[in-house]
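Peer 1: just coords:
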């Protein structure tokens, strides 16, 4: 059979295997069949390329292919081993073989290597070494492989401890790269914690220590029991099937179980394609991943202990374990149960929770057997975990901030947390269908506790937070609030209100005092308040500060809410927290704290600040601006303007106004770059022109720039002309500071549009542009809300929709068409969802209260965003 015919036969066989996959064949069988198909091909083509060689050579499979596992678009990892010197004729054969295999359009992990080269690479590169740990003969001179293996495994045995340390270190680094949790909402099926790689690493280590040949060696060598073996094999098979399906529907090696693909994969596994079906499927995925993570950790731990025990001296062998209590002892950093006490612990949840208190106190890990017993106790003794004495033990853990999140995560892993707080069982693997939250609700709660703990690791970001935390009278209540703050998710109604009610019930059972219950419940009910105000409202508004201070009532509550808000956002996942949000949150916190410390009315305090600001402006200006212009500033400037800007900013604006008047110009644009904050601040001063901001927004859309926030104010009126100040913060789509060349273009276009040399609508044929390539992500609904309570002077229009360039241009255009004036545009982004808030009035500077007018504005915005 010629080479092209062999290729055709290979792909036909893959199509047959694909059909078996859709007939719900197991992942192991499919992987084995794919391995056999490639084996058959390589055996048949070997004589064509290497059959006439005058030096010994053989094809060997490596990595997953070596283990006998292939997914549809896995790397084809194999080497040609040879012994001797390559001649030109050999090199020609190698090149011809390489190009033939390359024509299959499958990722090729192939290289020709001499025995010495292969050994040298393996000794110096851990990834090469682990690949060769799974080496398997395919075709050629088998003695050559035996010669290599003899030398290779002699090196492995001699350096076993350092190699295993390297594998474990690599595992920990991989976990960090993939967010350190099983419960990431878009996991990498191979590389995330609980992914296929977990079992590979456990197998490598067990092979080094016990010399096992395949996974059944875990049982043959008594590394794990039958139940654990069954669980890990079942979990691994499930993930193999998931990976196979991802490869098939993507038509390439695709290991990310992304939002785009989850519905299709869920349907293949028999779940519905709606949100409920996806959530149910993902719970199955997380359960499998958790089993893989925990059981492989047991395999690695047992293997390392066995290796160490064989190397110990007589003195270390005789070293006794450390007794912790009647039922538990510590050995090499792990908590164990005395063998004759295991049944008692299993039947007595009080002892189970006592064990976790010891783990928290001494910073221990859990031995594999103890973990199994705790998990079995949670599954079989559910009701007993609700006994008073058990809950009191748990309360002691919850109110001790030392290693709290670590212990909570362990309790969560073995389902003890589920039976102590049954709502955690409901939230296990609970999906949050947005791109903002990176983790499921259950793990997000534990991570929020962890972010609070991290504040004590003082660095540049946490120094100020630590001071606030250190001043709290009862910090333990903050940690409890963090653990419960999203407990109401998944139920009808606003989750913060539902969660506060649910938490009250738990806290009563846990014997918290009425005052403590009130404090924690208040924090849960209001845990979104501070971020809502800081990121969606004008925090220079005295009415807002006044209302916020009244809601907090005490400094203690304000401080706790501030820290909870910080930890909650940080625990959302990568990208949730940034310096922009930090600055806004600190500003709101500081303004509220000033009110508490001053003991004055908010308005009185603000007026006092404005007076001091005016004095500072006069001091800074001196002879730079004539006194008439300065007087006109304080006669005609809007109070919002004086509150919003610093004395230095006001001075800058007045100098720009002065230049416009003296040079008889209409507009001035000045940029200032803030690379550490990821934006450029553009200050535009002009002679008032109706709807100009709308046109500026169009320019930014045209130039692919992202507006992070904007303030629009009248600075001063001179000879009947209003001079306006626009402060606009812009970034690139990737949230970085724009290049100077781009900002030069902005300045040019802003001036041309102002002078009507360019019409913005002519530049933008379509006002909307996607910000990224993931256009088929779940899109949040578009909603328009009105707030006439927060501000005394303005109606606030809040628009939430999916994020794209051109939103501000489109929305502000409709606000112009509806006959309104805009004074603030505040942008808040959560993943692919954006919440834009616009402070508007009618043309006479009044709030808009007419229902018909509000409905018109709503319809205009909904229509343009739909289009």
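Peer 2: That came in fine, so what should we check first? Keep in mind that this is a model prediction, so the values were computed, not measured.

Peer 1: residue contacts, residue 667?
Peer 2: Residue 667 makes contact with 660, 684, 685, 686, 687, 750, 751, 754, 755, according to CB atoms under 8 Å, 6 or more residues apart in numbering. Heads up, the C-betas are built off the backbone N, CA and C, glycines and all.

Peer 1: Buried ones among the residues you listed?
Peer 2: In these, burial by neighbour count holds for 660, 684, 685, 686, 687, 750, 751, 754, counting by 16 or more other CB atoms under 10 Å.

Peer 1: From the residues you listed, which land in strands?
Peer 2: 684, 685, 686, 687 (DSSP state E).

Peer 1: Where do the domain boundaries of the chain fall?
Peer 2: Taking automatic domain parsing as the criterion, the chain consists of the domains 3-158, 421-599, 770-867.

Peer 1: Report the mean per-residue pLDDT for the top strand by length along the chain.
Peer 2: Looking across the chain with DSSP E, the single longest strand is strand 705-718. Computed over strand 705-718, the mean pLDDT rounds to 84.

Peer 1: roughly how far is it from the heart of the chain?
Peer 2: Computed by CA atoms, centre = their mean, to the nearest Å, the chain-centroid distance of strand 705-718 equals 33 Å.

Peer 1: for it, packing partners?
Peer 2: Counting contacts by 3 or more CB pairs under 8 Å, 6 or more residues apart in numbering; DSSP states H and E, strand 705-718 packs against helix 627-636, helix 639-644, helix 647-662, helix 692-702, strand 721-732, strand 820-830.

Peer 1: so which of these comes closest to residue 477?
Peer 2: Distances from residue 477 to each of these were compared using CB to CB; the minimum, 27.4 Å, belongs to strand 820-830.

Peer 1: That closest one to strand 721-732, inter-axis angle?
Peer 2: Computed with axes from the mean of the first three to the mean of the last three CA atoms, to 10 degrees, the direction of strand 820-830 lies at 20 degrees from that of strand 721-732.

Peer 1: Dump the domains of the chain to CSV, plus distance to residue 214 and mean pLDDT.
Peer 2: Converted to CSV, these look like this (distance: least, CB to CB, whole Å; pLDDT from 0 to 100):
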stretch, distance to residue 214, mean pLDDT
domain 3-158, 8, 94
domain 421-599, 31, 92
domain 770-867, 39, 87
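
Peer 1: Switch the ones you listed over to TSV; also include mean neighbour count and distance to residue 286.
Peer 2: Shown next, in TSV, are these (neighbours: other CB atoms under 10 Å; distance: least, CB to CB, whole Å):
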stretch	mean neighbour count	distance to residue 286
domain 3-158	17	17
domain 421-599	19	4
domain 770-867	17	19
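
Peer 1: Now tabulate these in TSV and tack on distance to residue 239.
Peer 2: As requested, the domains of the chain are exported to TSV (distance: least, CB to CB, whole Å):
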stretch	distance to residue 239
domain 3-158	7
domain 421-599	15
domain 770-867	23
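
Peer 1: which one of those lies closest to residue 204?
Peer 2: domain 3-158 (5.1 Å).

Peer 1: Need the distance between the two termini of that closest one.
Peer 2: Across its full length, domain 3-158 reaches 44 Å between end residues, using CA to CA, to the nearest Å.

Peer 1: again with stretch 16-27
Peer 2: One end of stretch 16-27 sits 15 Å from the other (CA to CA).

Peer 1: what bridges to the closest residue to residue 364 other than its chain neighbours?
Peer 2: Nearest in space to residue 364, with sequence neighbours left out and distances taken as CB to CB, 6 or more residues apart in numbering, is residue 335 at 4.6 Å. Beta-bridge partners for residue 335, by DSSP bridges, are residue 330, residue 366.
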